[in-house]
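Student: Fold the following and give me the result.
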Amino acid sequence: MRLKKAMVLLASLSLVASITACGSASNNNAKAPEPANNASSGTNSGNSAKGNNSTATDDAIVPEDGAELLLWESKEEVPFTEEIAKQFEAKYGVKIKIEEVAVPDQVGKLTQDGPSGLGADVMVIPHDHLGNAATSGFLLENDVFGEETKTSNTEASIVGSTYDGVLYGYPRAAETTALFYNKSILPEAPKSFEDVIAFGKTFTDKAKKKYALMWEPGNFYFNYPFIASTGGYLFGDNGTNKDDMGIANDGAVEGLKVFQSLKEILPINSGDINPDIKRGLFNEGDVAMDINGPWELAGYKAALGDNLGIAHIPTVAGKTAITFSGIKTYVVSSFTKYPNAAKLYAHYASSKEAQLLLNEKIGSVPTNLEALEADQIKNDPFIAAFAEQAKDSQPMPSIPEMANVWSPMNAALPEIWNNNADPKTAMEKAIKQITDLNNGIQ
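Tutor: Below you'll find the predicted structure:
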């Protein structure tokens, strides 16, 4: 069954105030070893001070002597992390090293690097990866700062940072996708994908590398509107029933036929499109529209200035476009040698001030309630546009089986796009693959 409207609205209302691009991650059932120190040493108490304005929790935990932290961060957000890490190091004397690792790849990389001592102490993960990481024993609970985290952030971000009743995350940003467009080419955004195609017939010129619309047709995260808008869904029972998948029902097939039709104005195989290529073409005015998230906002604003516009994703077969929404949250690895320092960093880097800095650097949407009330956020028309799209978004499921979705879906979509495969057949194959992975069949 389709996600219940009431639940969608509840989550969306929280996200309107707050607004994760996801790729594949390997499911892993191996248990992590117990951490040598679960942040019990150096604490004044296990409880954090409550209240949005309280900073007393900074004194509730003391970094270990000689603590050094490794952080994993996505390419787009490294500039923010470099600055916040510099501040943290100056304040607490903890040395920090940053390695560039795509957010969707971090849990999978920890599976390999954590046991050998090479993994990050603090990571940023999309909330749909939380269940898999938590059940595998890879994460430490957000215990010292838990109460302050809960009272300082939106309800949706706390739900996204919690698994099986345990708060693991320190939320820092909320995300969905929307339509970026170049106003010097299109004064107004198209309302439907039929309008997109009509415009594309007048603008797209493959020989000149000019395209009306470019996005990642091989990435399930960006293509959920072509499934959900017309009645498809991923998991039933509000994203919790792994045995009920609606990605091959009649509604999903209808939307995927719209997806397939867009090949006419984007005659490129999915493997030939990546974020760097797309970003460059959009910044140069050779791509008129891009389906993307707030992580691209700062760069696009710098390139296009007043010519940048953001709008709701066009309707799919006459239906309002429904996007995925997600929370990016800091988590602390259970493999860390310095749990006190790691927890303190995750808390510091997800504060009101840090979230406002993240917004300034890359255009992210805060989850911190006070940050959301800042003029910097409230007066930003681009953030408001993402909030409008969030009204028509569905939170990504966070059950562990979500980790088994990405690879099959990211294989099925290119089959439909590149090879003109029958959408129903391709999706039924993906369901079989996901089910086998869920059942431990390789």
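Student: which intervals of the stretch 51-200 of the chain have sub-threshold pLDDT?
Tutor: Residue ranges of the stretch 51-200 of the chain with pLDDT under 70: 51-59.
Student: how about the host helix or strand of Leu344: buried residues?
Tutor: According to DSSP states H and E, Leu344 maps onto helix 339-348. The neighbour-count criterion (16 or more other Cβ atoms under 10 Å) identifies Pro339, Asn340, Ala341, Ala342, Lys343, Leu344, Tyr345, Ala346, His347, Tyr348 as the buried residues of helix 339-348. C-beta coordinates here come from the backbone N, C-alpha and C atoms, glycine included.
Student: Please apply the same query to stretch 194-202.
Tutor: Within stretch 194-202, the residues scored as buried using 16+ other Cβ under 10 Å are Glu194, Val196, Ile197, Phe199, Gly200.
Student: what angle sits between the biggest strand by length in the chain and helix 339-348?
Tutor: Scanning the chain for the strand with the most residues, using DSSP state E, yields strand 323-333. Taking axes from the mean of the first three to the mean of the last three Cα atoms, to 10 degrees, strand 323-333 and helix 339-348 form an angle of 150 degrees between their directions.
Student: In its sheet, which strands sit next to strand 323-333, and in what direction?
Tutor: Strand 323-333 has its sheet partners listed here by DSSP bridges as strand 122-126 (antiparallel), strand 139-140 (antiparallel), strand 170-176 (antiparallel), strand 393-395 (parallel).
Student: Return the set of residues that bridge with the residue lying closest to Ser229 once chain neighbours are set aside.
Tutor: By the measure of Cβ to Cβ, 6 or more residues apart in numbering, the closest residue to Ser229 outside its immediate chain neighbours is Val316, 3.9 Å from it. For Val316, the beta-bridge partners are Lys319 (DSSP bridges).
Student: Does Val316 touch Phe226 like I think?
Tutor: Yes: at 6.0 Å, Val316 and Phe226 qualify as touching, with contact defined as Cβ atoms under 8 Å.
Student: okay, now the domains of this structure?
Tutor: For the chain, the structural domains run 5-175+325-395, 177-324+399-438, going by automatic domain parsing.
Student: What separates the first and last residues of the last one, distance-wise?
Tutor: The one in question is domain 177-324+399-438. Terminal residues of domain 177-324+399-438 are spaced 28 Å apart (Cα to Cα, to the nearest Å).
Student: Just the element for the residue lying closest to Ala178 once chain neighbours are set aside, please.
Tutor: Counting by Cβ to Cβ, 6+ apart, Gln389 is the residue found nearest to Ala178 once chain neighbours are left out, at 4.4 Å. Assigned by DSSP H and E, Gln389 belongs to helix 381-390.
Student: hang on, Asp128 packs against Glu401?
Tutor: No: between Asp128 and Glu401 there is no contact under Cβ under 8 Å: 10.2 Å.
Student: ok, the two, which is more surrounded?
Tutor: Asp128 (28 against 23; other Cβ atoms under 10 Å).
Student: just checking, the more buried one is part of a strand?
Tutor: No: with DSSP: H, G, I helix; E, B strand; the rest coil as the criterion, Asp128 is helix rather than part of a strand.
Student: Deepest-packed of the strands paired with strand 323-333, please.
Tutor: Highest mean neighbour count of the strands paired with strand 323-333: strand 170-176, a mean of 29 (counted as mean count of other Cβ atoms under 10 Å).
Student: Next SSE downstream of it?
Tutor: Using DSSP H and E, the next helix or strand after strand 170-176 towards the C-terminus is strand 178-182.
Student: Who are the packing partners of that following strand?
Tutor: Judged by 3 or more Cβ pairs under 8 Å, 6 or more residues apart in numbering; DSSP states H and E, strand 178-182 is in contact with strand 287-292, strand 308-311, helix 381-390.
Student: for the longest one, what is the average pLDDT?
Tutor: So the one you mean is helix 381-390. The average pLDDT within helix 381-390 is 91.
Student: How far off centre is that helix?
Tutor: For helix 381-390, the distance from its own C-alpha centre to the chain's C-alpha centre is 16 Å (Cα atoms, centre = their mean, to the nearest Å).
Student: Pull out the buried residues from it.
Tutor: Across helix 381-390, burial judged by 16+ other Cβ under 10 Å covers Phe382, Ile383, Ala385, Phe386, Ala387, Gln389, Ala390.
Student: try the first one
Tutor: Neighbour counts over strand 287-292 (16+ other Cβ under 10 Å) mark Val287, Ala288, Met289, Asp290, Ile291, Asn292 as buried.
Student: Mind picking the two most distant members of those residues?
Tutor: Ala288 and Asn292 (13.3 Å; Cβ to Cβ).
Student: returning to what we had before: Throw the buried residues of strand 287-292 into TSV and include distance to Ile362 and pLDDT, thanks.
Tutor: Formatted as TSV, the buried residues of strand 287-292 follow (distance: Cβ to Cβ, whole Å; pLDDT from 0 to 100):
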residue	distance to Ile362	pLDDT
Val287	20	98
Ala288	23	98
Met289	20	98
Asp290	16	98
Ile291	18	98
Asn292	12	97
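Student: from memory Thr323 sits against Thr176, does it?
Tutor: Yes: between Thr323 and Thr176 a contact is recorded at 4.9 Å, counting by Cβ under 8 Å.
Student: Overlap of the contact sets of those two?
Tutor: By the contact definition Cβ atoms under 8 Å, 6 or more residues apart in numbering, Thr323 and Thr176 are jointly contacted by Gln389, Ser393.
Student: quick one: whichever strand or helix holds Thr202 to strand 287-292, angle?
Tutor: Secondary structure from DSSP H and E places Thr202 in helix 193-203. Inter-element angle recorded for helix 193-203 and strand 287-292: 150 degrees (by the same axes, to 10 degrees).
Student: partners of the next helix or strand after helix 193-203 in the sheet?
Tutor: Next helix or strand after helix 193-203 toward the C-terminus (DSSP H and E): strand 211-214. Neighbouring strands of strand 211-214 in its sheet, by DSSP bridges, are strand 287-292 (parallel).
Student: And the contacts of whichever helix or strand comes after the partner strand?
Tutor: Reading on from strand 287-292 to the C-terminus, the next helix or strand found by DSSP H and E is helix 297-304. By Cβ under 8 Å, 6+ apart, the surrounding residues in contact with helix 297-304 are 76, 180, 182-184, 279, 282-283, 308, 310, 360-364, 382.
Student: Tell me how far Asp243 lies from Leu130.
Tutor: Using Cβ to Cβ, to the nearest Å, we find Asp243 at a distance of 21 Å from Leu130.
Student: Between those two, point out the one with more neighbours.
Tutor: Leu130 (28 against 10).
Student: Surely that one and Val159 touch.
Tutor: No: the criterion here is Cβ under 8 Å, and Leu130 misses it with Val159 at 10.4 Å.
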